[in-house]
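Enquirer: pasting the sequence and the predicted model now:
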Number of protein chains: 4
Amino acid sequence: MRAVVVVMAPGASTAQVNAVVERIEAVGGEAFVSRGVERTIIGLVGDVAHFGSLNLRAMPGVGDVVRVSTPYKLVSRDHHPEMSTVLVGGVPIGPGRFTLIAGPCAVETPEQTLAAAQMAKAAGATLLRGGAYKPRTSPYAFQGLGEAGLRILADVRAETGMPIVTEVVDAHDVDLVAGYADMLQIGTRNAQNFGLLQAVGSVNKPVMLKRGMTATIEEWLMAAEYVAQRGNLDIVLCERGIRTFEQSTRNTLDISAVPVAHALSHLPVVVDPSHSGGRRDLVVPLTRAAIAVGADGVIVDVHPEPAAALCDGPQALVGDDLLELAAACRDLPPAVGRLPAGR
Amino acid sequence: MRAVVVVMAPGASTAQVNAVVERIEAVGGEAFVSRGVERTIIGLVGDVAHFGSLNLRAMPGVGDVVRVSTPYKLVSRDHHPEMSTVLVGGVPIGPGRFTLIAGPCAVETPEQTLAAAQMAKAAGATLLRGGAYKPRTSPYAFQGLGEAGLRILADVRAETGMPIVTEVVDAHDVDLVAGYADMLQIGTRNAQNFGLLQAVGSVNKPVMLKRGMTATIEEWLMAAEYVAQRGNLDIVLCERGIRTFEQSTRNTLDISAVPVAHALSHLPVVVDPSHSGGRRDLVVPLTRAAIAVGADGVIVDVHPEPAAALCDGPQALVGDDLLELAAACRDLPPAVGRLPAGR
Amino acid sequence: MRAVVVVMAPGASTAQVNAVVERIEAVGGEAFVSRGVERTIIGLVGDVAHFGSLNLRAMPGVGDVVRVSTPYKLVSRDHHPEMSTVLVGGVPIGPGRFTLIAGPCAVETPEQTLAAAQMAKAAGATLLRGGAYKPRTSPYAFQGLGEAGLRILADVRAETGMPIVTEVVDAHDVDLVAGYADMLQIGTRNAQNFGLLQAVGSVNKPVMLKRGMTATIEEWLMAAEYVAQRGNLDIVLCERGIRTFEQSTRNTLDISAVPVAHALSHLPVVVDPSHSGGRRDLVVPLTRAAIAVGADGVIVDVHPEPAAALCDGPQALVGDDLLELAAACRDLPPAVGRLPAGR
Amino acid sequence: MRAVVVVMAPGASTAQVNAVVERIEAVGGEAFVSRGVERTIIGLVGDVAHFGSLNLRAMPGVGDVVRVSTPYKLVSRDHHPEMSTVLVGGVPIGPGRFTLIAGPCAVETPEQTLAAAQMAKAAGATLLRGGAYKPRTSPYAFQGLGEAGLRILADVRAETGMPIVTEVVDAHDVDLVAGYADMLQIGTRNAQNFGLLQAVGSVNKPVMLKRGMTATIEEWLMAAEYVAQRGNLDIVLCERGIRTFEQSTRNTLDISAVPVAHALSHLPVVVDPSHSGGRRDLVVPLTRAAIAVGADGVIVDVHPEPAAALCDGPQALVGDDLLELAAACRDLPPAVGRLPAGR
């Protein structure tokens, strides 16, 4: 579903124009030629997946090649105009409601995980997040409990009734993690790990796809297309901040990405206000912004004792902050036409 | 009010450490030395404005110099913990309320300006924006009507009662513009035009200071300090998007900058949802996000006939979009503890 | 000299297409319509300066507007295919040679300036840089000696025979500074200070135009067009690093900008290896890279006593580093077909 | 080998300071306390790998935590001051010489691969690059020939004597690819695919580690540390451009990264001038810059018929460009004290 415009260089010959047209037609494309005073412009239209491999830009006389439509299909609203709702262990994420996902960044102990889940539930969360496999920049950092962590999460689900969202970091762990989890999370560092994307596309569990910290919105949707192409359309997009020159926050939450992604794709979009800012004092304001801008949910770090957390303690909520979060998730969604968290 | 930490290189000699300490003490600073197994760290504390000129980084044996506190004073909350309210022609911007500033990007004709002002007022705006001097990337683009535009603004103010916010682009126009305007706007391209900042710091009119499109929050507050240092503390900060790799929006609205700036400075912070996204469909969602995150107001482009606008028509609101904006500015501020726009 | 492509939305009506064509023709443009299966594409060609104000993007049925050629003329190679040489007090900068410009970041005293000039000259520099007016992020930092500094520079020129490159930061100082200087420098923070650009465009002195630290190459050339449009085509472009997420260097030297700017513009391009990296140990390697990539010169900080410098001491060269710089500027240009520095 | 500085908030109590010190000492760290007029600063020194998990930032009274030294060890020059040479099938990459690696972006046919290898060899290349597994942003793009491509590479190695550099994209293909390849390449999209990094760290083949397109230099070295920690220290770093706001090049080649990485790490650093710019006309100038700045080699796309290439044809060299590349790689390294390519 893409259109491409080829702008010939000034002075391109008729033979050069014809060569471009022939190459396009050779792969079944339609080419329309506009001759101007200084330049000739060739438009290509139709559903030709492999225009990219035509290398038009390398042909003699070609000045520029401009792509003007989307390179993804299954996740696009062109393909599927109605917004989707994704069910996670029976809990819906999508239009008309606001979903709070909360839990500890990392599963550490049964007690810590249960306490965090109970805090989360009391704040209105209906889904429990928690990491058993942690992708860490340093090989010397805590890497997660692995399957032991998954078992703790399953026990806490049995105790609290909250379905589980947890990260998978390696394609060959997908079946194992899917055996415990209700939703598989793909982290920001794996946003272009295509083997992993295809692997989660092949199982029957919904996927939370974090935006790469330096991915464009288009690349994020392309990553979702990798999952969808294997048959799994139960995808929730998660905006978690992008890398910029600003240093006062860990990353810059791209709040505009929520309405932009909603305009381009039928998939639900949630926001991670904890990891984008990396600061506890920003979690509640950014959650309010996410609700107001139209996000379908937020995913938030909570921890019973942040100062002792093995991972990202500086941003985990506790105490009064959590009460404020609960109030925001209860009171603000109705002001923008959505059911509050927990309903 | 800054602290600096000097980290000596591994193996730095005692003489090198002493030389650093002496240089610090020579300008009245206090130095505290911590000797570790591998490295020695020297802390500098106190109100020493000219640490920067000490060139400690260039001294033998110095590995790194890390600044750890803020280089601005007058605009900081350390200096002035209570949040400020700025009055613009009698209209307050600050804590407890939400202010809508709206109008055309550029003043074109008396009719267009009056029509835009009436649209703005009907939507709840209490301040009229409108540009008579336009800084444009291309020398071939429309540069604004100049003083003729200021006269149109003054006439529309007389007609509607709305005080005027308008941009000044040259230090030597400041007195002229201040003769008509109620608030002087400094645009993003002039965010480090220090002569202009000092000039608006010397007049008795409030200033709206847009963040440079690639300024850090610290640089933005330093720019405000330039204004304040000349005696004018009636400054409103305006977040208007920063430059990133994302291409679907003109700039990336840094929504986190609102609570971050509020934590560092007592100045009010407003958001420009029109210029950050550069897309009409994002103005209302981003306005909602701005209200929810705690902004003190928004500044929005409206135009009676956007398709004919001489400047930034693609983002100007009209018709139904404007009704939606009005509803958001009326209904959402109370949900976050603020008076609605127009009150 | 620009071409614009209008991509109509899927399902745009014939009336909508016709409306776009009419608006283009109403301002003297030529429109060529290509109807595809899914989309219609309209090409605009010709020398129509005000396409930007047509607001085609805001018209009904328009999906996207893509610009495909350059918005500047006088500084472009389309307009002037042969590369230009700019003479600064008789010293050429341009094709076939490599020019070393060196001196202290800031003029502090007659002795320091003369010593730095002699160091620079010994290293092969034929032009002396030195700042009398310093744009500083902090209002509390050293702002330069002003006219007293210009007088020192003039004295040192008389002593050494080196023409002077010095910065001007305010439009209303241009005549004063031009009275002393051989070349006017526009700093990175003023890269979009259009009043200042026009002011230096109106005097009869060559201009060194630093790239804004967050300007695209196109914006940099547009800034040059502001200068050129007032009649001054003696412009040298200076690449000095752009703002990115990388933190180990002050800015990221965009070395590709040299061949890219050379392909687009006939103006000479020099590189500032001192300010881009902000580290003394990078100045020589980046100078070598600049020579090899085809830069017409470099502008380098030297200081007789960097540890005492009032400005940017950490990057100023002295001693052995300066000998290495001299060797690079003497030996490497011939390896890429240029006369060495000093010849 | 890291030092950390804790800056207490103004007004932090003695009890709060003591609590920080105790937590540091509890894990075997040394803490040095500097009490200033306004603030207390605590320095931590020693080889304590898990300071990160202490969550000092979350403790009461802590204002900021600043890290001041490197979080990697095995790849650092602190650990191994002498620069390393990596042997790839007997071909050295490292100090004192310049190595040209060239070949097609993707292996397409035996004929195309052999022709490209012969072109590469004639230009002075001693190592053959070629991709059999291609990580592509779009699931609809050509993904490579897989093992069939590896067999073609092996045949061409037998024919030309050139050892092979080829990419591996999935941890579970590492053994298969290592069975054919002389060097395993990790692509930019996998720069934080930690499972893959550990997998290539466990085989006995040298690794070319591309910098993530949005990785800081520190993160790049941390990724190398993941490889090294598994016992494989035969790592060559490859700078291939970072993501910035500049649009005229695909990415921005961070040329400063070469001397910065050389200062921090003993590993060789090569540059990819083809993928960073994404433009054929930049490959030779950027190669010259890479040689001059001190890179240990470049890796370049060549293709016998770029206009027909299935991958990245716009940047592949052929004909005269290749002759220019050969000349640069032969003549320029001696000017910076290195043996030329092919020697």
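Expert: Nice, thanks for sending it over.

Enquirer: contacts, neighbours, all on C-alpha from now
Expert: OK.

Enquirer: wasn't residue A:304 part of a strand?
Expert: No: assignment of residue A:304 by DSSP: H, G, I helix; E, B strand; the rest coil gives coil, placing it outside any strand.

Enquirer: chain D versus the nearest residue to residue A:79 once chain neighbours are set aside, what's the distance?
Expert: Counting by CA to CA, 6 or more residues apart in numbering or on different chains, residue A:79 lies nearest to residue A:73, which is 6.1 Å off, once chain neighbours are set aside. From residue A:73 over to chain D the distance is 10 Å, taken as CA to the nearest CA, to the nearest Å.

Enquirer: with adjacent residues omitted, what lies nearest to residue A:20?
Expert: Using CA to CA, 6+ apart, the closest residue to residue A:20 is residue A:56 (7.0 Å).

Enquirer: measure how buried the one you found is and give me the count.
Expert: Neighbourhood size, residue A:56 [other CA atoms under 10 Å in any protein chain shown]: 24.

Enquirer: repeat that for residue A:119.
Expert: Other residues within reach of residue A:119, judged by other CA under 10 Å, total 22.

Enquirer: quick one: contacts of the longest helix seen in chain A?
Expert: Determined from DSSP state H, the single longest helix within chain A is helix A:319-335. Applying CA atoms under 8 Å, 6 or more residues apart in numbering or on different chains, the external contacts of helix A:319-335 come out as A:97-98, A:100, A:123-124, A:284, A:287-288, A:291-292, A:302, A:339-342, B:331-332, B:335.

Enquirer: which residues touch the residue of the stretch 101-250 of chain A found nearest chain C?
Expert: Closest contact between the stretch 101-250 of chain A and chain C, by CA to the nearest CA, is at residue A:245 (4.8 Å). Contact analysis of residue A:245 by CA under 8 Å, 6+ apart lists B:214, B:216, C:243-246.

Enquirer: what pLDDT does the model give it?
Expert: As predicted, residue A:245 sits at a pLDDT of 88.

Enquirer: can you tell me how far it is from residue B:238?
Expert: 18 Å (CA to CA, to the nearest Å).

Enquirer: pull the number of nearby residues for the closest residue to residue A:103 other than its chain neighbours.
Expert: Of all residues not flanking residue A:103 in the chain, residue A:129 sits nearest, at 4.6 Å (CA to CA, 6+ apart). Residue A:129: 31 surrounding residues under other CA under 10 Å.

Enquirer: need the residues of chain A near chain B, please.
Expert: By CA under 8 Å from any CA of the partner chain, the residues of chain A that approach chain B are A:214-217, A:244-249, A:252-256, A:259-260, A:277, A:282, A:285-286, A:288-294, A:331-332, A:335.

Enquirer: related to what we said a few turns ago, wait, is the residue of the stretch 101-250 of chain A closest to chain C part of a strand?
Expert: No: assessed with three-state DSSP, residue A:245 is coil; it does not lie in a strand.

Enquirer: now the end-to-end length of stretch A:197-210.
Expert: 11 Å.

Enquirer: OK, contacts around the residue nearest to residue A:20?
Expert: Counted by CA under 8 Å, 6+ apart, residue A:56 has contacts A:6, A:20, A:62, A:65, D:307.

Enquirer: relative to residue C:241, how far out is the last one?
Expert: According to CA to CA, residue D:307 and residue C:241 sit 34 Å apart.

Enquirer: kindly report the same for the second one.
Expert: In this structure, residue A:20 lies at 38 Å from residue C:241, with CA to CA as the measure.

Enquirer: look at these two and report which has more neighbours.
Expert: Comparing residue A:20 with residue C:241 by other CA under 10 Å, the one with more neighbours is residue C:241, at 30 against 24.

Enquirer: what's the local residue count around the nearest residue in space to that one that is not next to it in sequence?
Expert: Distance criterion CA to CA, 6+ apart; nearest residue to residue C:241, sequence neighbours excluded, is residue C:253 at 3.9 Å. Residue C:253: 30 surrounding residues under other CA under 10 Å.

Enquirer: doesn't residue D:254 make contact with residue C:253?
Expert: Yes: with contact defined as CA atoms under 8 Å, residue C:253 counts as touching residue D:254 (6.7 Å).
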